[in-house]
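**Student:** next input, structure requested:
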Amino acid sequence: CICDEHAEIDSFLSSHKELALLREVEEGIKFDNYMWNYERLTEPLQREFIQRFASEFSSDKSKGYLNEAVLGEWRTGELAALIADPTYYHARRVAQQVSGGKIAKAKCYLAVGAGINDIYEIHDCCQRLEKLMENRFFADNNGIYYEDDELVERDESERSECINKLLMYIRKRDIELVRREYGHLKHMMFQNKSDSETFVKFVFAEIALELYNAAHGSVYGMGKKQVEKLFEADSLKELYNIIEENICIYEENIATDDKQIRKDVALVKSYIKAHLSEKINLESLADMVFLSPGYLSLIFKQSTGDTV
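**Tutor:** Got it, this is the predicted structure:
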């Protein structure tokens, strides 16, 4: 446990008064380690840990171990808020995580069947809602809608097939079929007025991530930003524009990659032709064009129909 480790360090420093400055430095390290641990706990455990966190630093403060000049302005401010009211401090951190750190600008709508008496009940309520929705609203071949105040289920296999085809064409890097299926999906989404805003954004977020991953090889960084931007969209038109923007980036990336692939394959073919009498292995050819042997073999087969 991180707390026990720091307790050992505290005990050692307490028995060596000549290390007073090191004690002040250790407080900053301790704060960073506690915060790192706190942020990785589940929410119920965070509530328990934050109380111990505040209690220990409150005790350290009373002993004169907290030096603002050593801790720095940010740590000092965080500790002041934490010690003053650990419950409120935790609630504020949870709110920042939910809103992406922009509490003042956050738009949050929560529908519940009963009143909420404690901020922690929001977390529990959301978990119950997630369980209720599990494998229900986002199932592949059916959807649940309200019609005349009654829940009805509809066959969604056609739309599900369209989405799956679109994702497959994105992975296969076939831009013509990507645009065709995307147009088809847009038409179906526009026609179905019963879809919730959350469901529509859920579908298009999956498409946005697939496009970004195909274009850049990863969904991290700006890929996550694109999804955040999509969920902040206020209209279908804005949502469509975000996807169109990603399709254009994807298309440009394919064109650039295809040009480089043709260049690499042409170079390998020329080298093989000029050295037919020599023993050539796949690894040396791959090194020549700075590719892995497996990838070179794949693009060579796709481009020429022959194996290397």
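**Student:** what's the pLDDT at residue 86?
**Tutor:** Residue 86 carries a pLDDT value of 90.
**Student:** residues near the nearest residue in space to it that is not next to it in sequence, how many?
**Tutor:** Nearest in space to residue 86, with sequence neighbours left out and distances taken as C-beta to C-beta, 6 or more residues apart in numbering, is residue 54 at 3.7 Å. Where you see a C-beta, it was placed from the backbone N, CA and C, and this is true even at glycine. Counted by other C-beta atoms under 10 Å, the residues lying close to residue 54 total 20.
**Student:** any stretches of the stretch 101-250 of the chain with poor pLDDT?
**Tutor:** The model of the stretch 101-250 of the chain has pLDDT under 70 over residues 101-156, 192-196, 217-223.
**Student:** show me the helices in it, by range?
**Tutor:** 120-133, 157-172, 175-191, 197-216, 222-231, 236-274 (DSSP state H, counting those that start in this stretch).
**Student:** elements contacting the second one?
**Tutor:** It stands for helix 157-172. The elements that helix 157-172 packs onto, with contact taken as 3 or more C-beta pairs under 8 Å, 6 or more residues apart in numbering; DSSP states H and E, are helix 175-191, helix 197-216.
**Student:** compare these and report which one is nearest to residue 169.
**Tutor:** Among those, helix 175-191 comes nearest to residue 169, with 4.2 Å by C-beta to C-beta.
**Student:** buried residues of that closest one, list them for me.
**Tutor:** For helix 175-191, a neighbour-count test (16 or more other C-beta atoms under 10 Å) marks 178, 181, 182, 184, 185, 186, 189 as buried.
**Student:** for the second one, list the residues it contacts.
**Tutor:** So the one you mean is residue 181. Residues near residue 181 by C-beta atoms under 8 Å, 6 or more residues apart in numbering: 162, 165, 166, 169.
**Student:** could you dump these to CSV with neighbour count and distance to residue 9?
**Tutor:** Output for those, formatted as CSV (neighbours: other C-beta atoms under 10 Å; distance: C-beta to C-beta, whole Å):
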residue, neighbour count, distance to residue 9
162, 19, 60
165, 16, 59
166, 24, 56
169, 20, 58
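**Student:** any chance of the residues you listed in TSV, plus distance to residue 199?
**Tutor:** Output for those, formatted as TSV (distance: C-beta to C-beta, whole Å):
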residue	distance to residue 199
162	15
165	19
166	16
169	22
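**Student:** would you point out the most distant pair within those residues?
**Tutor:** Spanning the widest gap among these are 162 and 169, at 10.7 Å by C-beta to C-beta.
**Student:** quick check: which element contains the residue nearest to residue 86?
**Tutor:** Using DSSP states H and E, the element containing residue 54 is helix 43-62.
**Student:** same question for residue 280.
**Tutor:** Applying DSSP H and E, one finds residue 280 in no helix or strand.
**Student:** for it, which non-adjacent residue is closest in space?
**Tutor:** The shortest distance from residue 280 to any non-neighbouring residue, by C-beta to C-beta, 6+ apart, is to residue 272 (6.4 Å).
**Student:** burial count for that neighbour?
**Tutor:** Number of residues near residue 272 (other C-beta under 10 Å) recorded here: 14.
**Student:** ok now stretch 53-68, how far from the chain's centre?
**Tutor:** 36 Å (C-alpha atoms, centre = their mean, to the nearest Å).
**Student:** that should have said stretch 71-88, apologies.
**Tutor:** 28 Å.
**Student:** and it, what's buried?
**Tutor:** Within stretch 71-88, the residues that count as buried by 16+ other C-beta under 10 Å are 71, 75, 76, 78, 79, 82, 83, 86.
**Student:** what lies in contact with that stretch?
**Tutor:** Residues from elsewhere that reach stretch 71-88 (C-beta under 8 Å, 6+ apart): 24, 27-28, 31-32, 35, 47, 50-51, 53-54, 57-58, 61, 66, 68, 89, 92.
**Student:** mind listing the strands for the stretch 1-150 of the chain?
**Tutor:** For the stretch 1-150 of the chain, the strands defined by DSSP state E, counting those that start in this stretch cover 142-147, 150-155.
**Student:** any idea how far the nearest residue to residue 265 once chain neighbours are set aside is from residue 17?
**Tutor:** Computed as C-beta to C-beta, 6+ apart, the closest residue to residue 265 that is not its neighbour in sequence is residue 303, at 4.6 Å. Going from residue 303 to residue 17 by C-beta to C-beta, to the nearest Å gives 74 Å.
**Student:** looking at the two, which one has more neighbours?
**Tutor:** Between residue 303 and residue 17, counted using other C-beta under 10 Å, residue 303 has the larger neighbour count: 16 against 8.
**Student:** confirm for me that that one is in contact with residue 267.
**Tutor:** No. Look at residue 303 against residue 267 with C-beta atoms under 8 Å: they stay out of range, at 11.8 Å.
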